[in-house]
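**Q** How does the following fold in three dimensions:
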Amino acid sequence: MFDTFNAARTAIVDQNDSIYTYETRYDTYRILARLYRCRSHERCEHRFKIKELRYQGVPTTYQLEESGQHGATGISVQRRGIHPLLVEEIDSLLRMGWGAQQLRSTLLHRFRHQPERLRLIPTRKQLENRKALLVKSANGWEILNHASFTAWAIDLVCMSREQFMSVTDPRDSSMDEIIVLDTFTVSGEEDEGTSFGVIVSSRPVFRNIANSVRDQGNELVCASDGTFKLHFGGWTVVDCRSTAVTWSRGTAVHRLIPWVYMIVRSESTAAYTRMFQIVREKSMAFLDIEVNVASGSLDHSDLLKKKTLLVDADLFAEMIKPDVYLLKSSRTHAQFVKLAVVVIENWIARGDDVYAQWFKDLYLTERWNRWHIKRAAVGGITPSQQGIESHHCVIKKTCVPSSRAFTTGVLNGILPRIMKGDEENLCLRFTAKGLFPLRC
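**A** Just a heads-up that it's a prediction; the model follows:
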């Protein structure tokens, strides 16, 4: 008996050196049987049958049966496709976004001292074809609905304090495992429809919330931003974390302290609201910690671009964006203030007084007044996300083999690697409350 189909398929290869190919299948209510015939002998009657046993309330198992005798005359046959001994590992890496040439180079380096395995490494074209097959196969590349997320998360959901505290030994491998805090559906913008996603963390990473609250007290800082290049379909991976000023190598530097991660089909205010709500609820349930954020930084919110207020949406690229970059060119705060007046008057003169008033009330008020001085990429507009954007660049280089992975590749491969990297830089004690230049 075998727990997976790939394990049963590999057992066929382990038993002899003959080449077997798929012949036919038999399907009943409880059993799905796949038949493989030997191609290495002339008029060969030898067969392997893999039975998939499906019984209610019992995990699916796979049974391998052998029948018939090999033919007397051997023939030369070339194996087609990727060797079964490598197909499971190759599939998992392709799903994480690895490119064909990158994967082949890695396999060649890994098996450079094993000549018998070097012969099995597929060509670049075979790897490209395999990746194309994964994309086209049913449910092979994308989780299409909330039910699929729920099915994936069912064994990983952490609902109670007892479950969260069930692993306490830092040497236990379960300590590093991903835990699902919530799966959800939310209504997006009018043109986006319903979105769905999942919020995950790990036990060491989630405990950073307690450390952040302990060290920062009533001045707790929270930052959040998303990156969409990890997923082939443009889904957004959002990280929620705190920011602390620590002393390192003789200078004060900012540290990003991870809390949770969210992968969502499309960014929206509702999705971010759900994530912050879950952070508060689970912090109280698991750690008896009340999270009250004093200040935060949130990018890609509904406040970034309000094209619907424009008389003509095309004016955003023609007028708004160039004027914003004009503000960015300010060299002093006084120059920025004068340029802002000119920009607003220009927008009003061109008939976009509603947009101008909205922009002025939101981004040119006192609370944003001096963020353009060494703190923002765009002068006077929004607080900088430089630290968190820098972190995204780091994880893409160190934790992500290649961008544009498929959904379960992100969930089962990339996110666990990111959180494992986060665990190696656990929350340091907060050492200062003042503003320091950001070093990344």
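**Q** Quick check: pLDDT value at Ser301.
**A** Listed pLDDT for Ser301 reads 48.
**Q** which residues does the residue sitting nearest the centre point of the chain contact?
**A** Ranked by distance to the mean C-alpha position of the chain (CA atoms, centre = their mean), the top residue is Val410 at 4.4 Å. Val410 sits next to 96, 230-231, 235, 237, 263 when contact means CB atoms under 8 Å, 6 or more residues apart in numbering. Glycine gets a C-beta too; all of them are placed from N, C-alpha and C.
**Q** can you tell me how far it sits from Ala153?
**A** 13 Å (CB to CB, to the nearest Å).
**Q** And for Ala132?
**A** 28 Å.
**Q** So which of the two has more stuff around it?
**A** Ala153 (19 against 11; other CB atoms under 10 Å).
**Q** Name the nearest residue to the more buried one, ignoring sequence neighbours.
**A** Leaving aside its chain neighbours, Ala153 sits nearest to Val180 (4.2 Å; criterion: CB to CB, 6 or more residues apart in numbering).
**Q** Ala151 versus the one you found, what's the distance?
**A** Counting by CB to CB, the gap from Val180 to Ala151 is 12 Å.
**Q** Can you get me the start-to-end distance on stretch 312-330?
**A** Terminal residues of stretch 312-330 lie 27 Å apart, using CA to CA, to the nearest Å.
**Q** Pull out the buried positions in stretch 16-32.
**A** Neighbour counts over stretch 16-32 (16 or more other CB atoms under 10 Å) mark 18-20, 32 as buried.
**Q** Stretch 178-198 now?
**A** Buried residues in stretch 178-198 (16+ other CB under 10 Å): 178-186, 188, 195-198.
**Q** So which of these sit within strands?
**A** Using DSSP state E, the members of those that fall in strands are 179-186, 195-198.
**Q** continuing past the helix-or-strand element of the chain with minimal mean pLDDT, what's the next helix or strand?
**A** Least confident helix or strand of the chain, by mean pLDDT, DSSP states H and E, is strand 295-298 with a mean of 68. Moving toward the C-terminus from strand 295-298, the next helix or strand (DSSP states H and E) is helix 315.
**Q** I'd like to know the average pLDDT value across that next one.
**A** Mean predicted confidence for helix 315 is 83.
**Q** And the residue of the chain most remote from its centre, how close does it get to His46?
**A** Distance from the C-alpha centroid of the chain, by CA atoms, centre = their mean, peaks at Ala72 (53.5 Å). Applying CB to CB, the value for Ala72 to His46 is 12 Å.
**Q** what's the burial count for the closest residue in space to Ser202 that isn't next to it in sequence?
**A** Nearest residue to Ser202, sequence neighbours excluded (CB to CB, 6+ apart): Met419, at 4.7 Å. Neighbours of Met419 under the rule other CB under 10 Å: 25.
**Q** Kindly report the same for Val264.
**A** For Val264, the count of nearby residues is 24 (other CB under 10 Å).
**Q** And the one 5 residues further on, by the same measure?
**A** The burial metric for Thr269, expressed as a neighbour count using other CB under 10 Å, is 14.
**Q** can you check Glu45 too?
**A** 12.
**Q** neighbours around the residue nearest to it when sequence neighbours are not counted, how many?
**A** Distances taken as CB to CB, 6+ apart place Gly68 nearest to Glu45, at 3.8 Å, with adjacent residues excluded. Gly68 has 12 neighbours, counted by other CB under 10 Å.
**Q** Look up how far Lys49 lies from Gly68.
**A** To Lys49, Gly68 is 10 Å away according to CB to CB.
**Q** Please apply the same query to Leu64.
**A** Taking CB to CB, one finds Leu64 at 7 Å from Lys49.
**Q** One more: Tyr363?
**A** 68 Å.
**Q** Break the protein into its domains for me.
**A** 1-79, 81-137, 146-304+387-423, 307-368 (automatic domain parsing).
**Q** Poorly predicted segments of this structure, please.
**A** 97, 135-146, 188-193, 252-253, 296-307, 365-387, 402, 425-440 (pLDDT under 70).
**Q** Going along the chain, name the strands of it.
**A** So, for the chain - with DSSP E - the strands run 20-27, 31-38, 47-55, 58-67, 179-187, 194-201, 221-227, 236-248, 251-264, 295-298.
**Q** mind checking which of these is nearest Arg124?
**A** strand 20-27 (23.1 Å; CB to CB).
**Q** partners of the closest one in the sheet?
**A** Using DSSP bridges, the strands paired with strand 20-27 in its sheet are strand 31-38 (antiparallel).
**Q** I'd say Gln126 and His83 touch.
**A** No. Using CB atoms under 8 Å, Gln126 is not in contact with His83; the gap is 9.9 Å.
**Q** ok, now how distant is the residue nearest to Ala153 from Gly233?
**A** From Val180 across to Gly233, the span is 20 Å (CB to CB).
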